[in-house]
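1. sequence below, structure please.
(one chain, ligands or ions: 1)
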Amino acid sequence: MSEEMLETLTEQVLLGAKYREIAPDLVRRIGAQELEKRRSLKEAVKATKNKLHQVGGAYQPGRIDYEKGLALLRETAVSSPDQFRAACNNLMQSHASTRERLPILDDFYQTILADLPPVHTVLDLACGLNPLAYPWLPLPLDVQYTSVDIYGDMLAFIQGFFEIAGINGRTQQRDIIGNPPTEPADLILLLKTLPCLEQVDKTAAANLIEALNGRFLLISYPAQSLGGRSKGMVENYTRQFEELANGRNWRVRPFEFATELAFLVTTEP
Ligand SMILES: C[S@@+](CC[C@H](N)C(=O)[O-])C[C@H]1O[C@@H](n2cnc3c(N)ncnc32)[C@H](O)[C@@H]1O
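-> Take a look at the predicted model:
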């Protein structure tokens, strides 16, 4: 595989309407793997797009109209907190991962975060539209909330949401496999993300966990597949989490909700 071929592949993939907002680093990482495996550039481009779909596009079945979303948020932000929450709820339906969490959202963060000491910094990794769940988070008003994902347009929308809601938030477009964040944070959210990263690189979850610098980690897994079936997922992901936790000096509290299995980790002794 030549550097030139990888550049061509990356350019070709980023020309596609469904891929142009994705962090180029991730396109390059997956592209390099596929060029090693496939017989031609054309096959490698196709396989790269498939993989990118699996880890990102599959969660956004329809095109999200971010302009319209921001207009709705602006309108409801000046009417009432209930209407603003209803707008957030509505918008979270456009991403499969947050949509699955909506039936449990009233309990999810309240239950898991109930006993935490005050949290001042949150890092929401591979966030999707989860920052829109901010009104459900039992956090101090001045918390600094950093959202990280691969989609530039989604992150611009989230930045707009932070501004409208008066949240001390910022966004980073970043491939957390190749470039895991190391900045310290009180709470790091890794919601339903590790299995997704492992579709690109089997060692991604362990490498990421090793690099992170969080006092508390909230790691979760889906309790049902995108198609809605459960197929022993809870047992399977419990085992995966235990392997990840093995040998680490962690204190762990498990939580099982209808659509999500979560582990709150205290990393400090
Ligand atoms: C299963 S969704 C989880 C979204 C969110 N954490 C939640 O639970 O609602 C996986 C997310 O990971 C993002 N993603 C995939 N690969 C990534 C990578 N290498 N670096 C950063 N984000 C990534 C996708 O864009 C998608 O938003």
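
2. domains of the protein?
-> Using automatic domain parsing, the domain ranges for the chain come out as 3-55, 66-266.

3. would you turn these into TSV with mean pLDDT and mean neighbour count?
-> Placement of C-beta: from N, CA and C, glycine included. Below are the domains of the chain laid out as TSV (pLDDT from 0 to 100; neighbours: other C-beta atoms under 10 Å):
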stretch	mean pLDDT	mean neighbour count
domain 3-55	96	17
domain 66-266	95	17
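
4. I'd like those domains as JSON lines, with distance to the ligand appended.
-> As requested, the domains of the chain are exported to JSON lines (distance: least, C-beta to the nearest ligand atom, whole Å):
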{"stretch": "domain 3-55", "distance to the ligand": "4"}
{"stretch": "domain 66-266", "distance to the ligand": "3"}
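
5. specify the beta-bridge partners of V148.
-> L125, Q172 (DSSP bridges).

6. what strands flank the longest strand along the chain, and is each parallel or antiparallel?
-> When the chain is scanned for its longest strand (criterion: DSSP state E), the result is strand 213-222. Here strand 213-222 is paired, per DSSP bridges, with strand 184-190 (parallel), strand 260-266 (antiparallel).

7. mind putting the ones you listed into CSV with distance to I219?
-> Below are these laid out as CSV (distance: least, C-beta to C-beta, whole Å):
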stretch, distance to I219
strand 184-190, 5
strand 260-266, 5
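
8. nearest to N50, of those strands?
-> For these, the distance to N50 is smallest for strand 184-190, at 24.2 Å, taking C-beta to C-beta.

9. following that closest one, which helix or strand comes up?
-> Following strand 184-190 in sequence order, the next helix or strand is helix 194-198 (DSSP states H and E).

10. so what touches that following helix?
-> Under the contact criterion C-beta atoms under 8 Å, 6 or more residues apart in numbering, helix 194-198 has outside partners 54-55, 126, 176-177, 204-205, 208, 219, 221-222, 237, 240, 244.

11. same deal with stretch 163-177?
-> For stretch 163-177, contacts defined as C-beta under 8 Å, 6+ apart pick out 23, 25-26, 29, 70, 73-74, 77, 84, 125-126, 131, 134-135, 142-152, 155-156, 158-159, 161-162, 181, 197, 200-201, 204, 207-208.

12. how about a cut-off of 6 Å?
-> The contact list for stretch 163-177 (C-beta atoms under 6 Å, 6 or more residues apart in numbering) reads 23, 25-26, 73-74, 77, 125, 134, 144-148, 152, 155, 158-159, 162, 197, 200-201, 204.

13. in strands, which of the residues you listed fall?
-> Short answer: the contacts of stretch 163-177 in strands (DSSP E) are L125, Q144, Y145, T146, S147, V148.

14. looking at the residues you listed, which one is closest to L9?
-> V148 (24.6 Å).

15. surely M92 meets N130?
-> No: counting by C-beta atoms under 6 Å, M92 stays clear of N130, with 7.9 Å between them.

16. which neighbours do those two share?
-> Joint contacts of M92 and N130 (C-beta under 6 Å, 6+ apart) are T98.

17. would you state the helices of this structure in chain order?
-> 3-15, 24-37, 41-55, 66-77, 81-92, 96-101, 105-112, 152-165, 194-198, 204-211, 233-245 (DSSP state H).

18. what angle separates the fourth one from helix 81-92?
-> Angle, helix 66-77 to helix 81-92, by axes from the mean of the first three to the mean of the last three C-alpha atoms, to 10 degrees: 160 degrees.
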